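>>> My questions concern the predicted model and sequence given below.
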Amino acid sequence: MKRSYTTDEITDALCRREGWALKELEELYTALMKRIAGNLHLDRRDTEECISDTLLEVWNTVPPQRPESYIGYISTIMRRQAIDRIRYNSAKKRAREIYLEAAEELPELCDTENTVVDMLSIKDALNIFLSRQSKENREIFIRRYYEFESIQSIARDLALSTNTAEKRLSRMRAELKKILKERGYDI
């Protein structure tokens, strides 16, 4: 039976530059990273490159970073890597519709599509916002704007109409905008 390591043990091993810790993270989180890439419709080659780049960034940033949650830390890095890959591919006329669609839904919260990722990284404001949501609404929001899943897929999985999912997302965007304004973000 394989030993499972705590976050602190993995972090301490990464700080000591022990390669097993990175392999452990790869084993634990490859499926999550593939799901994020799949939701953005990256092909196999782009997915593998993003996973490798994500693991390299973890290796290069721990230390000084000491993540409390590797799920969140790796997800954030993987999303950024995948979005960077989409932007790169978009420059070559291979835009990914779901990312662009999600970015278009947030114009009242951000000036450009580049700030979608910045907006999603505002940890405290998002934690407040998400803590106020029902479990189902949190899932809808995270799957749409964190994993870039299509509204149709989310609605189907949660047995909602597409219209209901869209309305909930609209209300949540308005609430998030209010919270960000309260926290001093100029929106």
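Thanks, I have it.
>>> What separation do you get for the closest residue to Thr7 other than its chain neighbours and Val62?
Excluding the flanking residues, the one nearest Thr7 by CB to CB, 6 or more residues apart in numbering is Tyr70, at 6.1 Å. The C-beta positions use only the backbone N, C-alpha and C, and glycine is treated the same way. As for Tyr70, its distance to Val62 is 9 Å (criterion: CB to CB, to the nearest Å).
>>> of these two, who's got more company?
Each of Tyr70 and Val62 has its neighbours counted (other CB atoms under 10 Å); Val62 has more, 22 against 18.
>>> Leu14 is in contact with that one, correct?
Yes - using CB atoms under 8 Å, Val62 makes contact with Leu14 at a distance of 4.3 Å.
>>> Please report phi then psi for the residue nearest the centre of the chain.
Most central in the chain under CA atoms, centre = their mean is Tyr146, positioned 3.8 Å from the mean C-alpha point. Dihedral angles of Tyr146 (phi, psi; degrees, to the nearest 10) stand at phi -110, psi -40.
>>> That one reaches Arg79, doesn't it?
Yes - contact criterion CB under 8 Å: Tyr146 and Arg79 qualify, at 7.1 Å.
>>> hmm, back to that, wait, the residue nearest to Thr7 sits on Glu24?
No - using CB under 8 Å, Tyr70 makes no contact with Glu24, being 9.5 Å away.
>>> what touches both of those two?
Residues touching both Tyr70 and Glu24 (CB atoms under 8 Å, 6 or more residues apart in numbering) are Ile10.
>>> Can you name the element that comes right after the lowest-mean-pLDDT helix or strand in the chain?
None of the helices or strands of the chain scores lower by mean pLDDT, DSSP states H and E than helix 114-120, at a mean of 47. Counting by DSSP states H and E, the next helix or strand C-terminal to helix 114-120 is helix 123-131.
>>> now the helix or strand that that next one is followed by against helix 123-131, angle please.
Once the chain leaves helix 123-131, the next helix or strand it forms, by DSSP H and E, is helix 135-145. Counting by axes from the mean of the first three to the mean of the last three CA atoms, to 10 degrees, helix 135-145 lies at 130 degrees to helix 123-131.
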